[in-house]
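**Student:** The sequence and its predicted three-dimensional model are supplied below.
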There are 2 protein chains.
Amino acid sequence: MGTIEEEIKQQKKFESEHEKAMVNILYTSSWLHNKNAARFKEFDITPEQYNVLRILRGSHPKPLMLGEVTCRMLDKNSNATRLVEKLRLKGLVKRELCPNNRRQVDIVITDKGLTLLSKIDFTTEEWNASLKTITKAEAQELNRILDKLRD
Amino acid sequence: MGTIEEEIKQQKKFESEHEKAMVNILYTSSWLHNKNAARFKEFDITPEQYNVLRILRGSHPKPLMLGEVTCRMLDKNSNATRLVEKLRLKGLVKRELCPNNRRQVDIVITDKGLTLLSKIDFTTEEWNASLKTITKAEAQELNRILDKLRD
DNA sequence: CCTCAATTGTTGTATATACAAATATTGTCT
DNA sequence: AGACAATATTTGTATATACAACAATTGAGG
């Protein structure tokens, strides 16, 4: 591991710190995603499916309709219908037509889903430790700058 | 736009600044990717295809074999064979079997590809301006922290 | 009530990611 | 030369992303 230039064997210098920061965010995100995928592999779910389960646990036992799941997802353009269907086939969530509005579909995490998440929780400590190359103050500064970038 | 908690309508507080930073990187990366996709749409290429073209322009007129393209890509797991094939069908790159090692495939950007990139270059100023919500010093600090995180 | 726009979700198609198996070629060892 | 490991790429399959078209339901206004 090293600077972003080394990682992608950049031939020419970046034109600006801003361009370099953009590439660095995209690259680091891919790196994080791969680490997450490896982390969840033994539990037979993907990072995206984990994210949906976390969202549903956050509102449990209150169900969320599909649209509410979508707007809480990290990637707003992804297709909650199909992600939820994958989880349903694994028995981790339930789908129910909402009785008072038949356009809506209520989604609830099942006991099996909650159990899976609590198993994954046990691996969180190790996970957090792997991010401790930066200090808490640096993490705060990172959050501040990223929030400002999207402003 | 606002803090990452608002963006994803987080119900509970993040457990740590580190966890929040991870989510923030993934979220900001998705946000950047979407902005990039919109930027390249009028040129009928995707951000991933643009990245490959940039890599090939960087070594032009020297060809790169597929493996060299792969290791320079932002996402190392993506499949250069198929990305390059899409670009070839658009006439933006050429593929040639390497004469001195028939396992290798040499990839070169075409004149059409170079012309396309130079057209896109004209939009770069506007693009850079949109990242100027953060200062150069903040971009530097961001780069430093991201590099350290991956260490 | 009837029409029509808005809401909510589903489906189709193209692109890219993730990973493993398969293929062809080259270099090495005996 | 023959066997075999290493290299370079291709292909298959599953997952997810991006976007648009479609369908069903609801609510508002005449």
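**Tutor:** Yes, it's here.

**Student:** drop to CA atoms for contacts and neighbour counts, all remaining ones
**Tutor:** Fine.

**Student:** so where is chain A shaky, pLDDT-wise?
**Tutor:** Counting by pLDDT under 70, chain A contains low-confidence residues at A:1.

**Student:** what number of residues lie near the residue lying closest to A:K13 once chain neighbours are set aside?
**Tutor:** Once flanking residues are discounted, A:K13 sits nearest to A:E5: 7.9 Å by CA to CA, 6 or more residues apart in numbering or on different chains. By the criterion of other CA atoms under 10 Å in any protein chain shown, A:E5 has 17 neighbours.

**Student:** List the buried residues for the one helix or strand A:E5 maps to?
**Tutor:** Here A:E5, judged by DSSP states H and E, is contained in helix A:4-7. Within helix A:4-7, the residues that qualify as buried are A:4-5, A:7, counting by 16 or more other CA atoms under 10 Å in any protein chain shown.

**Student:** Then stretch A:64-73?
**Tutor:** Residues of stretch A:64-73 classed as buried under the neighbour-count rule (16+ other CA under 10 Å) are A:64-66, A:68-70, A:72-73.

**Student:** Please, where are all the helices along chain A?
**Tutor:** Under the criterion DSSP state H, chain A contains helices at A:4-7, A:17-41, A:47-59, A:66-72, A:80-89, A:111-121, A:124-130, A:136-149.

**Student:** and of those helices, who's closest to B:W127?
**Tutor:** Within the helices of chain A, the stretch nearest B:W127 is helix A:17-41; the backing value is 9.5 Å (CA to CA).

**Student:** What residues of the closest one count as buried?
**Tutor:** For helix A:17-41, burial by neighbour count (16+ other CA under 10 Å) applies to A:17-18, A:20-33, A:36-37, A:39-40.

**Student:** check these against DNA strand C, which are close?
**Tutor:** Among the buried residues of helix A:17-41, the residues that sit close to DNA strand C (CA under 7 Å from any atom of the strand) are A:30, A:33, A:37.

**Student:** Quick check: the second one touching A:P47?
**Tutor:** In this case it means A:H33. Yes. A:H33 sits in contact with A:P47 when judged by CA atoms under 8 Å, with a separation of 7.3 Å.

**Student:** mind checking how far the most centrally placed residue in chain A is from B:I8?
**Tutor:** Residue closest to the average C-alpha location in chain A (CA atoms, centre = their mean): A:N51, at 4.6 Å. Applying CA to CA, to the nearest Å, the value for A:N51 to B:I8 is 11 Å.

**Student:** any residues in contact with both of those two?
**Tutor:** Taking CA atoms under 8 Å, 6 or more residues apart in numbering or on different chains as the contact criterion, the common neighbours of A:N51 and B:I8 are A:73-74.

**Student:** Excluding sequence neighbours, find me the nearest residue to the residue nearest to the centre of chain A.
**Tutor:** If the residues on either side of it in the chain are set aside, A:N51 comes closest to A:M73, at 7.1 Å by CA to CA, 6+ apart.

**Student:** ok now do that neighbour, which residues does it touch?
**Tutor:** Neighbours of A:M73 in contact, by CA under 8 Å, 6+ apart: A:51-52, A:55, B:8.

**Student:** Next, find the distance separating it from B:G91.
**Tutor:** Between A:M73 and B:G91 the distance is 37 Å, computed by CA to CA.
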